[in-house]
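1. model the structure of this input:
(one chain, ligands or ions: 1)
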Amino acid sequence: MNTYARQNIAFARGEGVWLWDTNGNKYLDAVSGVAVCGLGHAHPAVADALCAQARTLVHTSNLYQIPNQIELGEQLTRLSGMDKVFFGNSGAEANEAAIKLARLYGRKKNIDNPLIIVAENSFHGRTLATLSATGNKKIQAGFEPLVAGFIRVPYDDLDAIARVAENTSDVVAILIELVQGEGGVRIPDPGYLAGLRQLCDDNGWLLMLDEIQTGTCRTGKWFAYQHTAILPDVVTLAKGLGNGVPIGCCLARGVAAQLFQPGNHGSTFGGNPLAAAAALAVLTTLREQNLAQRAEELGRRIKQSLSSALEGVSGVTSVRGLGLMIGIELDRPCAALVPAALAQGLLINVTADRVVRLLPPLVMTDAEADLLTGQLANLIISFTQT
Ligand code: PLP
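-> Numbers count the residues shown, from 1 in each chain. Take a look at the predicted model:
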């Protein structure tokens with residue numbers, strides 16, 4: 001169906017940060033399939049794991065034990081500080097699980113109409129519940145009536161949440177991104193997460209973090225909340241977890257980890273042997289190659305190069321980022337930069353109308369990062385001068 005305004009290009013193969021189109025032209029990929037292929041394209045560890053698993057057993061369903069899913073769950077709970085995990089196939093499904101957990105938590109507290117606090121400008125997915133949680137009217141338009149049970153507050157505004165706490169007793173959880181990705185690579189004040197934790201503790205709410213875009217080392221830590229000492233109650237993950245193989249999950253700890261009982265939730269494919277094999281290969285590679293630290297180093301390098309190349313360029317209002325989630329905000333709509341970059345063999349993304357978003361693979365070399373920043377800075381300079 002006509003759901004995407006696709007660009008007129010198809011890729012035939014990839015290797016690391018590079019893609020080749022069906023005509024044999026080569027492109028530097030600074031989008032990674034929208035924060036998915038953190039290990040780059042056709043990573044041998046993922047390819048080998050997939051081939052071996054496909055020859056052994058692809059799927060059995062969650063009616064039976066799945067040993068490599070159990071292994072994956074153990075690794076993810078250890079890495080995240082959570083107790084339990086539910087596996088689905090996408091980010092939206094991971095957030096659906098979190099929303100269902102919040103509602104069960106409300107029922108447990110005898111709250112009949114449980115409310116989840118969500119932020120303006122957020123993105124949580126395209127299913128009915130997750131688009132209702134999303135803070136973007138364009139994404140919701142036409143799909144009303146929306147799913148009820150969300151209260152919206154401005155992002156990075158703890159006072160607004162405190163006011164909600166004063167005025168309603170039906171809140172059960174906060175669902176938030178620690179860097180708003182689709183919303184334009186927005187990074188909150190350093191004390192925001194601690195403030196959210198405090199508000200949740202004071203009011204008996206679950207702190208639920210959408211780490212679908214920020215997780216699996218993209219921001220320079222396994223999870224973005226690990227830039228602080230704060231632990232959430234629920235974490236959702238997808239995108240980079242399978243390096244392109246569809247898998248998502250909802251992690252939880254404490255009371256939130258005990259809410260689902262057999263019959264409450266499920267997924268036919270979720271965490272099947274094939275997806276679990278891919279995700280295990282991803283976690284092993286991220287760990288063995290220390291790619292969290294590499295994402296931090298590369299992010300710093302890219303931000304520094306762009307900041308100095310774009311310093312004083314009128315039309316560029318900000319260069320910001322956390323690890324390898326980088327945004328360059330302009331003072332005007334800049335979607336036209338995407339085809340301009342493509343014509344020069346560079347894949348970039350523009351989100352929130354005026355923000356060039358870079359989500360490069362974590363395996364990029366310094367030389368590739370310098371190529372990216374040099375080319376992009378020139379493109380932005382000529383764009384802002386016309
Ligand atoms: N949450 C966040 C923060 C995302 O960035 C996305 C996808 O862009 C989603 C949820 C939805 O994920 P999916 O497209 O896998 O359903």
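2. tell me how far whatever residue of the chain ends up closest to the ligand lies from Arg78.
-> Residue nearest to the ligand within the chain: Gly91 (2.2 Å; Cβ to the nearest ligand atom). Heads up, the C-betas are built off the backbone N, CA and C, glycines and all. Using Cβ to Cβ, to the nearest Å, Gly91 is found at 22 Å from Arg78.
3. just the pLDDT at the residue of the chain closest to the ligand, thanks.
-> For Gly91, the pLDDT comes out at 98.
4. likewise for the one 5 residues further on?
-> As summarised for this prediction, Glu96 has a pLDDT of 98.
5. that one: what secondary structure?
-> Secondary structure assignment for Glu96 (DSSP: H, G, I helix; E, B strand; the rest coil): helix.
6. and Arg163, what does it touch?
-> Counting by Cβ atoms under 8 Å, 6 or more residues apart in numbering, Arg163 touches no other residue.
7. the closest residue to Ala252 other than its chain neighbours: how many residues sit nearby?
-> In space, Ala252 comes closest to Val234 once its chain neighbours are excluded; the distance is 4.8 Å by Cβ to Cβ, 6 or more residues apart in numbering. Neighbours of Val234 under the rule other Cβ atoms under 10 Å: 29.
8. quick check, Val234 in contact with Asp210.
-> No. Using Cβ atoms under 8 Å, Val234 is not in contact with Asp210; the gap is 9.4 Å.
9. who touches both of these two?
-> Contacts common to Val234 and Asp210, judged by Cβ under 8 Å, 6+ apart, are Ala98.
10. got the residues of this protein near the ligand?
-> 34, 90-92, 95, 123-125, 177, 181-182, 210, 212-213, 238 (Cβ under 6 Å from any ligand atom).
11. quick one, which of those are buried?
-> 90-92, 95, 123-125, 177, 181-182, 210, 212-213, 238 (16 or more other Cβ atoms under 10 Å).
12. tell me the two of these that are most distant?
-> Ser90 and Glu177 (16.0 Å; Cβ to Cβ).
13. please identify the buried residues of the strand or helix carrying Ala281?
-> Under the criterion of DSSP states H and E, Ala281 resides in helix 273-288. For helix 273-288, burial by neighbour count (16+ other Cβ under 10 Å) applies to 273-283, 285-286.
14. next: stretch 139-155.
-> Here stretch 139-155 shows 139, 149-153, 155 as buried, counting by 16+ other Cβ under 10 Å.
15. quick check: the two most widely separated of the residues you listed?
-> Most distant of those, by Cβ to Cβ, are Gly149 and Tyr155, 19.3 Å apart.
16. okay if I get the buried residues of helix 273-288 as CSV plus pLDDT?
-> Shown next, in CSV, are the buried residues of helix 273-288 (pLDDT from 0 to 100):
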residue, pLDDT
Pro273, 98
Leu274, 98
Ala275, 98
Ala276, 99
Ala277, 99
Ala278, 98
Ala279, 99
Leu280, 99
Ala281, 99
Val282, 99
Leu283, 98
Thr285, 98
Leu286, 98
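17. got the contact list for stretch 125-139?
-> Under Cβ under 8 Å, 6+ apart, the answer for stretch 125-139 is 90-93, 95-96, 99, 116, 118-124, 140, 143, 146-150, 152, 155, 175, 182-183.
18. just those residues: which are in helices?
-> Applying DSSP state H to the contacts of stretch 125-139, the entries found in helices are 91-93, 95-96, 99, 140.
19. so, low pLDDT: which residues of the stretch 201-350 of the chain?
-> The stretch 201-350 of the chain contains no residues with pLDDT under 70.
20. all strands of it, in order?
-> Here the stretch 201-350 of the chain has its strands, by DSSP state E, counting those that start in this stretch, at 206-210, 234-237, 248-252, 316-322, 325-330, 346-347, 349-351.
21. the second one pairs with which strands?
-> Meaning strand 234-237. Strand 234-237 pairs in its sheet with strand 206-210 (parallel), strand 248-252 (antiparallel), by DSSP bridges.
22. quick one: buried residues of the last one?
-> Taking 16+ other Cβ under 10 Å as the basis for neighbour counts, the residues of strand 248-252 that come out buried are 248-252.
23. in CSV: these, plus distance to Ala54.
-> Shown next, in CSV, are those (distance: Cβ to Cβ, whole Å):
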residue, distance to Ala54
Gly248, 20
Cys249, 21
Cys250, 26
Leu251, 27
Ala252, 31
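24. widest-spaced pair of those?
-> Gly248 and Ala252 (14.0 Å).
25. please enumerate the helices of this protein.
-> With DSSP H as the criterion, the chain has helices at 32-35, 44-56, 67-80, 91-108, 128-133, 137-140, 158-167, 192-203, 273-288, 291-310, 337-343, 366-384.
26. could you identify which of those is most buried?
-> helix 91-108 (a mean of 24; mean count of other Cβ atoms under 10 Å).
27. list the helices and strands that one packs on?
-> The helices and strands touching helix 91-108, judged by 3 or more Cβ pairs under 8 Å, 6 or more residues apart in numbering; DSSP states H and E, are strand 84-88, helix 128-133, strand 171-176, strand 206-210, strand 234-237, strand 248-252.
28. distance to Lys108 added to those, as a markdown table?
-> Formatted as a markdown table, those follow (distance: least, Cβ to Cβ, whole Å):
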| stretch | distance to Lys108 |
| --- | --- |
| strand 84-88 | 16 |
| helix 128-133 | 19 |
| strand 171-176 | 9 |
| strand 206-210 | 11 |
| strand 234-237 | 14 |
| strand 248-252 | 14 |
